[in-house]
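>>> Build me a model from this:
(chains A and B)
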Amino acid sequence: MKGHMTSKPGSSVANKTGSWRTEVKPKFLRKNCIACRMCVYICPEGIISGEGKNMFGCDLDYCKGCGSCAAICPKKDIEMVSEDEKI
Amino acid sequence: MTETLFKPGHTACAGCGQAIAARLVIDAAGKNTMIANNTGCLEVFSTKYPESAWCVPWIHSLFENCAAVASGIESGLKYLGKKDTINVIAQGGDGGTADIGLQALSGMLERGHDVLYVCYDNEAYMNTGIQRSGLTPTTSNTTTTPPGSASFGNPRPKKPMPDIAAAHGIPYVATASVGYPQDIQKKVKKALSIKGPKYIQIHVPCPLGWRHESSQTSEVAKLAVETGLYPIFEYENGQLIPRKIASVKPVEEYLKVQGRFKHLLKDAKGLKEIQAVADYNIKKYQLKAQE
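Residues are numbered from 1 along each chain as shown, chains lettered A, B, ... in the order given. Prediction:
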């Protein structure tokens, strides 16, 4: 190896991991959201954002479809739906 | 997209507990932070060359030496008179912390460097294919401790790393869990407000290695805490501050959601053994809430 190897900060965004999803994707129903932000905390990709009730959403370019957000939502306001469904 | 210092596009598995914890830690620490990282899952999935998910100065050298590298960074910053404005974090997985990197970590704690060490404990060498580590819990099924007619899974108990760190007489030691994300951030902020060496160990479920659904990461982490199998506590200047469990659950509830403990469910003796570990933790760390 010649010297050290460096990368640009945050350059991983070039890697669109959304293509990893095979079956399901999260759908934010935006009906009973209380803005507790638990989905924001738990997303392994850190791609859920929003301010205020019923205003949250996620970046499907990177979502791997793990379903953690739907599982943790105390109001069941996030649903995992089929990849084919239009949202 | 929320402003985070740990960008998406990293190659962690879906539902990775370590990816959740790593983002929570760096976002709590803020942008004036430098990180030294041991080899492990986190290093591999967050820095797939030529890309990096990190938005802070971050260095990887070897499997065992992030504590030594962080010690050097801290000393350098001190010499430059910049230590007061910059946090230094050393981090690694359970193998890099409790087995391979223990000597470097012990040295860092003993020399009193102003560094926060974060251990992401997923309870085996997940990156190389689920081999047992010093922090693998007893009876767990790993590829090097498969249960069968002559074996009952991992024969050894989990190494008490937080107690080993605390025995160095450092000002702050804590355990945390991905099941309680706000608690992780609170502890990181608290640790960074204290001068001297700090150690935080975070329980991070691994859907692949523990064999549970990717959506169950938070649930599994919470169950480990609620059964007493993963005690959450702090040692502030040696003083124990436990996180009390409101109602203690039987260990089966934690074991049955994971494939790595499947062989236990048919065995009353094995279950009893694990319950004894939980009972010991509850007593030792005073986890039971007052009735």
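
>>> Please make it C-alpha for all contacts and neighbour counts, starting now.
OK.

>>> Around the closest residue to chain A within the stretch 101-250 of chain B, count how many other residues there are.
Closest approach between the stretch 101-250 of chain B and chain A, counting by Cα to the nearest Cα: residue B:215, at 4.2 Å. By the criterion of other Cα atoms under 10 Å in any protein chain shown, residue B:215 has 20 neighbours.

>>> So residue B:88: helix, strand or coil?
strand (DSSP: H, G, I helix; E, B strand; the rest coil).

>>> beta partners for it?
Beta-bridge pairing for residue B:88 (DSSP bridges): residue B:34.

>>> What of the one 5 residues further on?
On the basis of DSSP bridges, residue B:93 takes part in beta bridges with residue B:120.

>>> How about the secondary structure of residue B:24?
Residue B:24 ends up helix, using three-state DSSP.

>>> Surely the residue of the stretch 101-250 of chain B closest to chain A touches residue A:79?
No: look at residue B:215 against residue A:79 with Cα atoms under 8 Å: they stay out of range, at 11.9 Å.

>>> Flag every residue of chain A that's near chain B.
By the rule Cα under 8 Å from any Cα of the partner chain, the part of chain A lying against chain B is A:6-17, A:41-50, A:58-59, A:62, A:64-72.

>>> From those residues, list the buried ones, please.
Taking 16 or more other Cα atoms under 10 Å in any protein chain shown as the criterion, what is buried in the residues of chain A next to chain B is A:7, A:9-13, A:15-17, A:41-49, A:58, A:62, A:64-72.

>>> residues contacting residue 17?
Since no chain was named, I'll use chain A. For residue A:17, the contact set (Cα atoms under 8 Å, 6 or more residues apart in numbering or on different chains) comprises A:61, A:62, A:63, A:64, B:9, B:10, B:11.

>>> not what I meant, chain B
With Cα under 8 Å, 6+ apart, residue B:17 has these contacts: A:44, B:178, B:204, B:205, B:206, B:217, B:218.

>>> Any chance of a PyMOL selection covering the buried ones in those residues?
Per 16+ other Cα under 10 Å, the buried members of these correspond to this PyMOL selection:
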select buried, (chain A and resi 44) or (chain B and resi 178+204+205+206+217+218)
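
>>> Reformat the contacts of residue B:17 as JSON lines; add secondary structure, distance to residue B:45 and pLDDT.
Output for the contacts of residue B:17, formatted as JSON lines (DSSP: H, G, I helix; E, B strand; the rest coil; distance: Cα to Cα, whole Å; pLDDT from 0 to 100):
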{"residue": "A:44", "secondary structure": "coil", "distance to residue B:45": "12", "pLDDT": "97"}
{"residue": "B:178", "secondary structure": "coil", "distance to residue B:45": "18", "pLDDT": "97"}
{"residue": "B:204", "secondary structure": "coil", "distance to residue B:45": "15", "pLDDT": "97"}
{"residue": "B:205", "secondary structure": "coil", "distance to residue B:45": "16", "pLDDT": "97"}
{"residue": "B:206", "secondary structure": "coil", "distance to residue B:45": "14", "pLDDT": "97"}
{"residue": "B:217", "secondary structure": "helix", "distance to residue B:45": "18", "pLDDT": "97"}
{"residue": "B:218", "secondary structure": "helix", "distance to residue B:45": "20", "pLDDT": "97"}
